[in-house]
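Undergrad: A predicted structure for the sequence below; I have some questions about it.
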Amino acid sequence: MSVTELGGALRAASPRGALLCHIGQGTSRLARAAATADVRPTDLAQADAAPPPGTGDGPLDLVAVLAGSITDLRRAVPVAAGLPEAARVLVCVRSPATARRPPLPALPDAGRWTGLLDVRVRRSVGWGWTADLFFESPVSVAEVLAGVARGFLGGRRGTAPAPPRRRPGPTAGLWRPGEVPLRAAGGSGRELASEVLPEAGEGTGDRGAPPRRSLAEGSWERIGSPGAADLCSPLPSVGDVPPVDERVVNPVGFVRGCSSVVGRLVCREGRWVLVAGGRERWRVPDDGSVTDVDVAAVRDLRAVRVEWGRHSGPLAAVRAVAALAVAGVPVVSSGVPVWAGCLGGSLVGLMGSVSVAGLADAQVREEFSVRLRRAALGSHSVAARWRGSAVRAGVGPVPVASVSVVLCTRRPEMVGFALRQVGRQRGVDVEVVLALHGFGAGVPGVREAVEGFRASGGRLVVWEAPGEWVFGAVLNGAVARASGSLVAKMDDDDWYGPDHLSDLVWARRYSGADLVGTAAEFVYLEALDVTVRLAQPTECAWHTAAGGTLFTDRRTLEEAGGFPEVRTGEDTRLNLAIGRMGGRIHRGHGGNYVLRRKASGHTWRVGSGYFLKHGGERPLPGWRPSALLEAGPGEGPPGARRTDPWTAGEEPARRAPAEAAR
């Protein structure tokens, strides 16, 4: 849609009038060009959730919203709760990240949208995507914006609800991205429910101390500048920083291949900018927001180095650094000032733990990215901020994810090994359903393994499955005996890192996918005693995930009909079934998983030659997992030549001394 077409639509909106809103960089100029004598643009980033002057309290014919990116569109949702209802809602997203799908609106409540007459979605040069929705009667603009945003992101679920607030003021989109605020019972739709949780930044646990000023209110934007040391005491904590919307800014799109260019986040004339390759990639807004478009613009960089210095305030720098870290962009810093400690201790420590030169190795860079995103998601995501606010308000503790691991085996000798892999998991509440396929719990070695797992505090359900059942039926029987809301499939002979399940929980959240898993990147060929790494796309939507890493919720599994009751290939068929019913599959990084291939005895019947042929990098001798596996000296396979972590750039000269010693 062109500026002329938008202006014509605004003029044609009569007799009830129209409203033109914009949010995000580059939209104010387009809004001014499309404005008419009767319709002036309103900046939603500065709005206060109340109808703009001149619109009155009644519904309108048209509300047009121009957003600079998907991030900006989700920021507009809470603020738009105060806008008049409209019979036509026109949404233009100027610069969505190219990896995003078209904004086919997701309808969260079909009963409220039965009056939908027409939806027109198109892409135009210079305008990005436009979604034009027509209704029989006026509807909530905020709900339409939320539906279009979900359409961009895909998935069958949105984010968990953020803490309700008194009123979504100008900073509401920073704290509740993509969420339509709660409504007052019996209200007209614009009144908001009373506050349940305290404002972010309040409730520090010290009842005698004065409430800390909140970043959400912009009250310490100058902290760190000369003469501003007494503006806020004590210094802000992690919970004071507005969160990063992980549904938009996340590791999706991370690639191993990158250039040698290192970006610099510096402050120039009071504004934070990211400079790379001798040119300015983007300017950080005053509130520090980083959009999906900004992240896409720096994916090719080896790293971003933060150069702390004199500046107008910490808000922009802290939020930008946190967002880049959530997205998995390698961010490094030789030192962090005291006022930036609100990034969190783990994130600050990681930023100074590696040099830019060390990130020249693709594997080291990816492992650093994974550790960085874990720390940032755990501290600065919407989910983390919601959890922290609930705990501070005394309505917690918020339970961690409850995961049931289904572990089915025909091999008594592998039970102890498999239970050790599950016992290593951290960050999640784990229950194991152990299906003994064709043998009993009294078999020597099995009883000891089960008793040892329970003695260590692990929750375990043991089921002796009939030996004549096919493998798919055994898996379904194990799922039926599970109590967790999330279900993970793990194999009895593969290796798993301690963050395998917690990383999948995060991937499920930020991708919105119905099924998540990893790629079988690292494969140990036991007969040859070599490790190969397959060339696999990761952190992306894909048609399949490795069978030993499948992770979904019980509802999705039930809707797909459970695991197909076949002897082999049940994981492949489950992937296909979820895809056919319209579900999405996300494949995360493969550093937490090593697939073991013996000479025989596998349901996936391919030989070692298959893996050697498809290996994207030269095989290395011995057992070579990623450092993310955190494998101790005794974790490797018996008889393996060495158990050093994989280093993709390892040269023969570097390996020669060790190999000669053997």
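TA: In hand now; what should we look at?
Undergrad: may I have the beta-bridge partners of R122?
TA: T130 (DSSP bridges).
Undergrad: quick one: low-confidence parts of the stretch 451-600 of the chain?
TA: In the predicted model, the stretch 451-600 of the chain carries pLDDT under 70 at residues 599-600.
Undergrad: quick check, Y510 in a helix?
TA: Yes. Counting by DSSP: H, G, I helix; E, B strand; the rest coil, Y510 is found in a helix.
Undergrad: make residue 1 into 34 and carry on from there
TA: Sounds good: first residue 34 from here, last item Y543.
Undergrad: so it makes contact with F287?
TA: No. Contact criterion CB atoms under 8 Å: Y543 and F287 do not qualify, at 11.7 Å. C-beta coordinates here come from the backbone N, C-alpha and C atoms, glycine included.
Undergrad: and those two? Which one has more around it.
TA: Taking neighbours as other CB atoms under 10 Å, Y543 and F287 compare with Y543 leading, 29 against 23.
Undergrad: residues contacting the closest residue to the more buried one other than its chain neighbours?
TA: Leaving out its chain neighbours, the residue that sits closest to Y543 by CB to CB, 6 or more residues apart in numbering is N283, at 3.8 Å. Applying CB atoms under 8 Å, 6 or more residues apart in numbering to N283 gives the contacts V359, A360, G361, Y543, S544.
Undergrad: residues in contact with the first one?
TA: For V359, the contacting residues are V277, E279, V282, N283, P284, R406, A409, L410, H413, S414, taking CB under 8 Å, 6+ apart as the criterion.
Undergrad: I'd like the distance between it and W208.
TA: Plainly put, V359 is 15 Å away from W208 if you go by CB to CB, to the nearest Å.
Undergrad: ok, the last one next?
TA: Between S544 and W208 the distance is 22 Å, computed by CB to CB.
Undergrad: same question, L106
TA: Separation of L106 from W208 (CB to CB) stands at 16 Å.
Undergrad: wait, L52 touches L116, no?
TA: Yes. The pair L52 / L116 is scored as a contact, 6.8 Å apart, by CB under 8 Å.
Undergrad: quick one: which of these two has more around it?
TA: L116 (27 against 24).
Undergrad: mind giving me the domain ranges of the chain?
TA: 36-208, 295-420, 435-694 (automatic domain parsing).
Undergrad: make TSV from the ones you listed and add distance to P214 to it.
TA: Formatted as TSV, the domains of the chain follow (distance: least, CB to CB, whole Å):
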stretch	distance to P214
domain 36-208	5
domain 295-420	14
domain 435-694	21
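Undergrad: show me where the stretch 484-633 of the chain has helices.
TA: 504-513, 533-544, 587-592, 603-613 (DSSP state H, counting those that start in this stretch).
Undergrad: past whichever helix or strand A355 is part of, which element shows up next along the chain?
TA: Taking DSSP states H and E as the criterion, A355 maps to helix 347-359. The helix or strand immediately downstream of helix 347-359 is strand 364-365, counting by DSSP H and E.
Undergrad: from the rest of the structure, what touches that next one?
TA: Residues contacting strand 364-365 (CB under 8 Å, 6+ apart): 298, 336-339, 354, 357-358, 384-385, 387-389, 392, 405.
Undergrad: what are the buried residues along whichever helix or strand comes after that strand?
TA: Following strand 364-365 in sequence order, the next helix or strand is helix 378-384 (DSSP H and E). By neighbour count with 16 or more other CB atoms under 10 Å, helix 378-384 contains the buried residues L380, V381, L383, M384.
Undergrad: and helix 378-384, how far out from the chain's middle?
TA: 19 Å (CA atoms, centre = their mean, to the nearest Å).
Undergrad: which helices and strands sit right next to that helix?
TA: helix 347-359, helix 395-413 (3 or more CB pairs under 8 Å, 6 or more residues apart in numbering; DSSP states H and E).
Undergrad: go again with 10 Å.
TA: helix 347-359, strand 364-365, helix 395-413 (3 or more CB pairs under 10 Å, 6 or more residues apart in numbering; DSSP states H and E).
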